[in-house]
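A.B. asks: sequence-free structure coming up:
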C-alpha cells in the first residue's frame with residue numbers, strides 16, 4: 001500500500017466531577033454508574049437506526065446488544081474519568097475488556113486496588129504510570145515533528161500491555177528513532193508493521209464538501225464561534241483561505257484555521273445559506289443526533305460517517321497515538337479498527353451520541369478492512385474557540401470565550417466531564433449543565449450559555 005495523502009478529485013482526559021466513593025454498580029459487570037460524572041446514558045429510542053445497523057454489521061451485535069453496549073460504555077467512561085482523577089500519578093490507563101463487559105483500570109500502586117474495586121472496576125497493577133509512558137511518547141513526537149522517522153508508521157501508548165508501542169518496518173529503524181529521542185527500551189515494545197497510512201482527503205457531519213472545486217473531503221461536526229456558523233474537519237483537507245462548496249455544489253464558506261502536520265484539524269466558516277444541525281449523516285439509515293463530546297474509553301465501539309463509504313464501525317484501540325504520513329508526523333490521534341477510504345477525510349467519528357473526532361487517515365480500505373486514525377474533536381474545538389452544535393444547543397448562539405476572572409473559585413474545572421443536569425459553581429455563582437461534554441479551557445460557564453445555565 002502506498003503511503004500518500006489521497007484527495008478525491010473533482011468529486012479528554014479529563015477528570016469527572018464525582019467522588020469515587022459515590023459510585024454504585026449498575027448494568028455492566030464491573031462498571032459503575034457515575035451519577036452526574038459522565039455523559040447522560042442515551043435512551044434506547046433516541047439512538048439512530050443507522051448507527052445500530054452499522055454496529056450490527058461491523059461488530060456482530062443485534063439491536064438490543066448494540067443499545068446495551070452503548071449504555072455500558074457511557075457508564076465506563078464516567079467511572080474511568082473519576083478514577084483517573086482519584087488515583088493521580090498512580091493511574092496507568094483504563095480500558096474495556098475484549099468482551100467489552102468489564103472496565104479494567106490500571107495502577108502502579110497496589111494500595112489503590114481496593115479503591116478501584118470499590119468503584120466497580122477490575123484493578124490491574126502494572127509497572128509504568130500513564131504519565132511516564134506519555135512522557136516517553138512526547139519525546140518521540142518532538143523528534144518526529146522535526147523530521148518524520150523513516151519506516152516507522154505509527155507509535156502509541158497501549159494501556160492493555162502497559163507499553164509504548166512503536167510500529168516499524170525494520171527493528172533498526174525503531175531503535176534509531178528511540179535512541180534519537182532518548183527513550184528507554186524498557187518502556188517500549190517494537191512491533192513489525194507493514195502499515196502505510198495516508199490521509200483520507202478526498203451543515204451535517206459526514207456530508208461531502210469540495211475544496212476550490214478540485215478535491216473532496218467530509219464534514220466532521222457543525223460548530224459555532226459566537227454568531228458564526230461552520231464545521232470542523234481534517235487539517236490536511238485545506239489551508240486558511242481555501243474556499244469550499246457544499247454537497248449541492250453551491251458556495252459554502254472558507255477555511256479559517258488549519259493545522260497539518262503536527263495535528264490534523266481545521267475549521268471552515270460557512271455563509272448564511274448553511275444552517276448547522278446537531279446531526280451526522282446516516283446515509284439512508286436515519287441521521288445520528290449529536291448530544292455532546294465525552295471521550296469514550298479504549299475498547300469502546302465507535303462509528304464513522306464519510307462521503308465515500310458512508311457508515312462503518314469498529315472499536316477504539318489507543319488514544320494519543322502518533323502516525324507518520326508522507327507530509328509529516330501527526331500526534332494525539334486515536335487509533336481504531338474502523339475502515340475508511342479517500343474522501344472520508346474530515347468525517348465524523350461518534351460513539352453512541354457523543355462526538356469523538358474527525359477522520360484523519362490510515363491504511364487499508366472498506367473491502368478488506370484496515371486501521372483508521374481520527375483527530376479528537378475536543379482539542380480542535382479548544383484550539384479555535386469553537387462550540388460543538390448539539391441537541392441541547394439553544395437557538396441563540398454562545399458568546400465567544402473571554403478571559404476568566406482572576407482566581408474565580410468554584411468547582412468547575414477544565415478537563416472534567418459533565419453530564420446534563422450536573423451543577424457546578426464558578427465565580428461565586430451556580431450553573432446547571434445543559435448538555436453532556438468534556439470541559440475545555442475557555443469554556444467557563446459564563447462564556448458558553450449553550451452548555452451552562454446560571455441558577
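C.D. replies: Good, I have the coordinates. Please read all numbers here as calculations on a predicted model, not as lab measurements.

A.B. asks: just the strands in the stretch 151-300 of the chain please.
C.D. replies: Here the stretch 151-300 of the chain has its strands, by DSSP state E, counting those that start in this stretch, at 154-158, 163-168, 188-192, 198-201, 208-211, 215-218, 221-225, 228-233, 243-245, 251-259, 265-270, 279-280, 288-289.

A.B. asks: What is the least confident helix or strand in the protein?
C.D. replies: Every helix and strand of the chain was ranked by mean pLDDT, DSSP states H and E. The lowest is strand 24-25, at a mean of 28.

A.B. asks: Do a quick rundown of the helices in the stretch 1-150 of the chain.
C.D. replies: Along the stretch 1-150 of the chain, counting by DSSP state H, counting those that start in this stretch, helices occupy 49-59, 63-87, 113-118, 130-146.

A.B. asks: Name whatever forms a beta bridge with residue 298.
C.D. replies: Taking DSSP bridges as the rule, residue 298 bridges to residue 95.

A.B. asks: quick one, what contacts the nearest residue to residue 230 once chain neighbours are set aside?
C.D. replies: Spatial nearest neighbour of residue 230, chain neighbours left out: residue 269 (4.4 Å); criterion: C-beta to C-beta, 6 or more residues apart in numbering. Where you see a C-beta, it was placed from the backbone N, CA and C, and this is true even at glycine. By C-beta atoms under 8 Å, 6 or more residues apart in numbering, the residues touching residue 269 are 225, 228-230, 253-254, 256.

A.B. asks: show me where pLDDT drops low in the stretch 251-400 of the chain?
C.D. replies: 393-400 (pLDDT under 70).

A.B. asks: rerun at 50
C.D. replies: Across the stretch 251-400 of the chain, the ranges flagged by pLDDT under 50 are 395-400.

A.B. asks: what's the span of stretch 125-132 from first residue to last?
C.D. replies: The first residue of stretch 125-132 is 15 Å away from its last residue (C-alpha to C-alpha, to the nearest Å).

A.B. asks: what's around residue 272, how many residues?
C.D. replies: When neighbours are counted by other C-beta atoms under 10 Å, residue 272 registers 6.

A.B. asks: Could you measure from it over to residue 253?
C.D. replies: Remark: distance between residue 272 and residue 253 (C-beta to C-beta, to the nearest Å) = 10 Å.

A.B. asks: Then residue 242?
C.D. replies: Residue 242 is 10 Å from residue 253, by C-beta to C-beta.

A.B. asks: And for residue 387?
C.D. replies: According to C-beta to C-beta, residue 387 stands 17 Å off from residue 253.

A.B. asks: What segments of the stretch 251-400 of the chain are helices?
C.D. replies: Applying DSSP H, counting those that start in this stretch to the stretch 251-400 of the chain gives helices spanning 377-384.

A.B. asks: Give me the local confidence score for residue 1.
C.D. replies: The confidence metric pLDDT takes the value 32 at residue 1.

A.B. asks: Check residue 201 too.
C.D. replies: 53.

A.B. asks: Going by length in residues, pull out the top strand of the chain.
C.D. replies: When every strand of the chain is counted residue by residue (DSSP state E), the longest turns out to be strand 310-325.

A.B. asks: these two touch, right, residue 207 and residue 308?
C.D. replies: No - if you go by C-beta atoms under 8 Å, residue 207 and residue 308 don't touch, sitting 11.9 Å apart.

A.B. asks: Which neighbours do the two have in common?
C.D. replies: In contact with both residue 207 and residue 308: residue 218, using C-beta under 8 Å, 6+ apart.
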